[in-house]
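Q: Have a look at this fold, sequence not included:
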C-alpha cells in the first residue's frame, strides 16, 4: 500500500483529501490527513463577527464532516517533517511514513513579533479579527463603544486575505453610520503598502472608495512597536499614529513545524515552485495555499484553483510523467464594501485586477472592480458553496486558470 | 522599455526607473542611481544591495523583515540607510525589480 500524507485539514487539505480519494484506487493508496484542530473554521466568516452579522456557530463545523470515507483523519500536533527519510513525526511520538507528501499547514498570526501588541491591552483596546476569539472579543467591545479614533493597522505583508482589512473598514463605516455614531468615529487605514492595494488599477478604485467613505489612509507605515499605554503606533521611521481602539493585523508566519523542519523561508513559508507547486528541495513533497511562498494572495480562492493543478500534477508524479498542469497565480476575491454592496477582483501572477463582468463575459452576473449588490449576494452565498461544494472538491463553474474574456484593459 | 546611461553604461529600465536586467548592474551604476535618490553609497548600502540581489537570484521573497534578519543591519538601520521607502530604494539601487512581496 502506498501512502499519501496531507498535513493540514483546512480548506486546502480537505479539498485535496476529497479530490485524491476520488482519483486514487483504494487498494493501492492510503490517504491520511493530520491536523491539530478538530474544528473546521470558515475563515472568510471571521470578518462578519465583529459587526454582529455572524456568530461563532456560523463559522465552525467538525472537520470530520468533510473528510471523505476512506481517508484517515488524525487530530494531533505535528512535531517535525523529515523529508530526507520520507516521514513525519507527531507530538505523541507516532511516526507516519509517506510516498507523497502535501503540505497545507496554512499561515498564522504572530502578534508576539511586534513589541507592545500582546499585553494588558490585548482584547481591551487592541484586537485582531483573524482568530475567532479575537473577532468575538471585538464584537463585544463594539456593542458599547461610544466612538473615538478607530485605527486599523497591517503590521507586515504577506497577510491572509489581503482584502479583508479593507472590508473591515468598509464594514466599520456602515456599522457606525447605522448606529448614528459615524460622526464620533474617525477611521484610519494604516498600511505598509504604498496604497489601498498593491496593483495600480485596483489601488486607485479602492483608494477612491476609502476616500468616499471618509476613511483616512496612511500608507508606507511599517510598524515597529505599539505603545499600548499611550495608545499609539510607532513606525521604524519614527512616525506615530494615536488610536483609541486598534484593530491589528499582526505579522503572519508559516506553521511552526515548517521552521522546525528547516523547509521554509525566513517567514516559515515553504519554498515551492510557483507553477508546479512542487517543493524546490524534495520531488515527492508538494505545497498548497497559504503554507507556500507563492507570490500571490494567501486566500481560499487561490487554494481552490491550486487544488485542481495539484491534483493533476500529483497524478503525473505518481505515474512518472512530466507535470502537465501549471498554476498561473489566479486569485478571485469578493470585497464587501458595506451597505449591502460588494466588489470583486480577479487576477493572476501577470495580470492585475481589471474592470469587467464575471464569470460570463458581457453577462456577469458579477461586476469586476465595481460596487454592486449582486457581488454582496455572491459573498453571502459563498458560505453555503464553501461547506457544500468547495470543501468536497466538486466542480465549480469557475476555471482554475484566469481568463481575459470579460475584462476591460 | 526604455534605457538610461549610468556611469557610462547603457542599461535597460522600466517606466519607474527600475533596472530590468540585473546582470547589467555594477557598483558604479549603483552609486549613480543612489545619487538620484540623494543617497551617498557606503559599503553598508552595498552589503544590503548584494544581500537582496542574492535573494532575487534565488527567487526568494524580499521583504523589509528579511533584510532585518540578514545580520547586516536591523530594520531601523535599514530605514536610516534608505530613508522613506527603504525596500523600494534599495531594490532600485541594487538593480532588481520593485519587490512584489505585497499581493
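A: Structure's in. What do you need? No experiment lies behind these values; they were computed from the predicted model shown. Numbering: from 1, shown residues only, chains lettered A, B, ... in the order given.
Q: So what sits opposite residue A:247 in the bridge?
A: residue A:127, residue A:152 (DSSP bridges).
Q: and residue A:402, what does it touch?
A: Contact analysis of residue A:402 by C-beta atoms under 8 Å, 6 or more residues apart in numbering or on different chains lists A:328, A:329, A:330, A:346, A:347, A:348, A:351. (C-beta placed from N, C-alpha, C; glycine too.)
Q: What is the neighbour count of residue A:338?
A: 21 (other C-beta atoms under 10 Å in any protein chain shown).
Q: how far away is the nearest residue to it once chain neighbours are set aside from chain B?
A: In space, residue A:338 comes closest to residue A:174 once its chain neighbours are excluded; the distance is 3.3 Å by C-beta to C-beta, 6 or more residues apart in numbering or on different chains. From residue A:174 over to chain B the distance is 26 Å, taken as C-beta to the nearest C-beta, to the nearest Å.
Q: ditto for residue A:384
A: Taken as C-beta to the nearest C-beta, the span from residue A:384 to chain B is 28 Å.
Q: which element is that residue on?
A: helix A:373-385 (DSSP states H and E).
Q: who's in contact with residue A:99?
A: A:2, A:3, A:4, A:86, A:284 are the contacts of residue A:99 under C-beta under 8 Å, 6+ apart.
Q: same thing with residue B:20?
A: B:1, B:12, B:13, B:14, B:97.
Q: same question, residue A:30
A: Residue A:30 neighbours (C-beta under 8 Å, 6+ apart): A:1, A:2, A:3, A:4, A:72.
Q: and these as a markdown table, adding neighbour count?
A: What follows is the contacts of residue A:30, written out as a markdown table (neighbours: other C-beta atoms under 10 Å in any protein chain shown):
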| residue | neighbour count |
| --- | --- |
| A:1 | 8 |
| A:2 | 13 |
| A:3 | 16 |
| A:4 | 23 |
| A:72 | 15 |
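Q: what are the ranges of the helices in the stretch 251-400 of chain A?
A: A:256-260, A:300-318, A:373-385 (DSSP state H, counting those that start in this stretch).
Q: closest to residue B:70 out of these?
A: Shortest separation from residue B:70 across those is recorded for helix A:256-260, at 17.1 Å, computed as C-beta to C-beta.
Q: Show me which helix or strand of chain B is least confident by mean pLDDT.
A: helix B:64-68 (a mean of 89; mean pLDDT, DSSP states H and E).
Q: What's the first helix or strand after that helix?
A: That would be, after helix B:64-68 and using DSSP H and E, helix B:75-81.
Q: which helices and strands does that following helix pack with?
A: Counting contacts by 3 or more C-beta pairs under 8 Å, 6 or more residues apart in numbering or on different chains; DSSP states H and E, helix B:75-81 packs against helix B:43-57, helix B:64-68, helix B:86-94.
Q: can I get those helices in TSV with mean neighbour count and distance to chain A?
A: Shown next, in TSV, are the helices and strands packed on helix B:75-81 (neighbours: other C-beta atoms under 10 Å in any protein chain shown; distance: least, C-beta to the nearest C-beta, whole Å):
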stretch	mean neighbour count	distance to chain A
helix B:43-57	17	9
helix B:64-68	21	5
helix B:86-94	23	8
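Q: quick one, which of the ones you listed is nearest to residue A:268?
A: helix B:64-68 (11.5 Å).
Q: what about whichever residue of chain A sits closest to chain B, how many neighbours?
A: Nearest residue of chain A to chain B, counting by C-beta to the nearest C-beta: residue A:157, 4.0 Å away. By other C-beta under 10 Å, 23 other residues sit near residue A:157.
Q: Look at it and give its secondary structure.
A: coil (DSSP: H, G, I helix; E, B strand; the rest coil).
Q: near chain B, which residues of chain A?
A: Residues of chain A lying close to chain B (C-beta under 8 Å from any C-beta of the partner chain) are A:156-158, A:162, A:192-194, A:198-199, A:220, A:222, A:224, A:236-237, A:251, A:265-267, A:269, A:271, A:293, A:295-297, A:331.
Q: Now, of those, which are buried?
A: Among these, the ones that count as buried by 16 or more other C-beta atoms under 10 Å in any protein chain shown are A:156-158, A:162, A:192-193, A:198-199, A:220, A:222, A:224, A:236-237, A:251, A:265-267, A:269, A:271, A:293, A:295-297, A:331.
Q: Endpoints of stretch B:16-26, how far apart?
A: 19 Å (C-alpha to C-alpha, to the nearest Å).
Q: for residue A:136, what are its contacts?
A: Taking C-beta under 8 Å, 6+ apart as the test, what residue A:136 contacts is A:49, A:56.
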